[in-house]
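Student: Sequence plus predicted model, see below.
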Amino acid sequence: MPPAEPDFDDGFNFETDQPRATRPDADSDSPTLRRYHQLLWSKPLRSGNVFALEAPATRREGYLIYTDASGDQHWFGSDAITNSYTGWLRPKALVDSIAALSSEQKTRYLNPPYTVGSTMIWLVRPKDRPTINQARGTRSAIADRMDLTLECIRRHYQGQEDSPLADVLAAYEDFFALFEGFDEFVTFFHFQDLVTPDYEKVRFYVPLEDFARTGTPRTVDEYVTCMEATLSLIKQRQRRMRAWIANTAS
């Protein structure tokens, strides 16, 4: 009889999981999200090493920690790879686009559940600021979009320095060096649906203008296109995660 499949609900909304009374933050507060991250990402690398994440008993000792072969510890944090921009006050074109959505569109796009397909872990350390997640959220050319972030990561593996995140990715080179190329990074974190089958190109939510414009949508149509692409990515990524969990348990 095959072993039981681990407790894994890809539709679970982490924002409902033991939230704090004030300023709830699922990435910090949800024990289920932390457990899912540990379950999903603790696995062998192509190099033969195992990316084993430990969850300290108390949160002040770290969220998830990877200890490399030399004994050095690397701290990882959780964050969303999606953004509906509901709290953004600029640029004006974005704010106007959200305001112009129909009631049905607002229901669909503005407050989707925070499920596992929306999440990612990033290496964090005090001496390297901004972190990857901070930079992708604050640099306007990226505007918290995962497709644009992934393009920067692709260029990093190609040795290109012409991206808005080049300096930050270089500072966290040890994280990316764990993976033997862009294709392993993509496969490891289940981003295959965001790239072409040969891993040579990223599938952008809207056409890339070589980072010459802000990454935020500028029209209602662009907003809808970005949100539909985001929801599709979440669904596809969760399907891949669910299949990987089932295959691991079999």
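Tutor: Nice, thanks for sending it over.
Student: which residues touch residue 151?
Tutor: Remark: with contacts taken as CB atoms under 8 Å, 6 or more residues apart in numbering, residue 151 is in contact with 163, 202, 204, 208. C-beta coordinates here come from the backbone N, C-alpha and C atoms, glycine included.
Student: now it: how far from residue 27?
Tutor: Separation of residue 151 from residue 27 (CB to CB, to the nearest Å): 24 Å.
Student: which strands and helices sit next to the helix ranked longest in the chain?
Tutor: For the chain, the helix that runs over the most residues, judged by DSSP state H, is helix 220-249. Where contact means 3 or more CB pairs under 8 Å, 6 or more residues apart in numbering; DSSP states H and E, helix 220-249 is packed against helix 31-41, helix 92-99, helix 103-109, helix 146-157.
Student: Check the offset of that helix from the chain's centre.
Tutor: Its chain's C-alpha centre and that of helix 220-249 lie 11 Å apart, by CA atoms, centre = their mean, to the nearest Å.
Student: pLDDT averaged over it - what is it?
Tutor: Averaged over helix 220-249, pLDDT sits at 96.
Student: do stretch 11-18 as well
Tutor: The average pLDDT within stretch 11-18 is 92.
Student: list the contacts for residue 240?
Tutor: Counting by CB under 8 Å, 6+ apart, residue 240 touches 190, 192, 193.
Student: if we go to 7 Å?
Tutor: Applying CB atoms under 7 Å, 6 or more residues apart in numbering, we find residue 240 in contact with 190, 192.
Student: Present the contacts of residue 151 as CSV; the columns should include distance to residue 126.
Tutor: Formatted as CSV, the contacts of residue 151 follow (distance: CB to CB, whole Å):
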residue, distance to residue 126
163, 24
202, 30
204, 33
208, 33
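Student: To residue 238, which of the helices and strands packed on helix 220-249 lies closest?
Tutor: Closest of the helices and strands packed on helix 220-249 to residue 238 is helix 31-41, at 10.8 Å (criterion: CB to CB).
Student: Which elements pack onto the helix or strand following the closest one?
Tutor: Sequence-wise, the next helix or strand downstream of helix 31-41 (DSSP states H and E) is strand 43-44. On a contact count with 3 or more CB pairs under 7 Å, 6 or more residues apart in numbering; DSSP states H and E, strand 43-44 meets no helix or strand.
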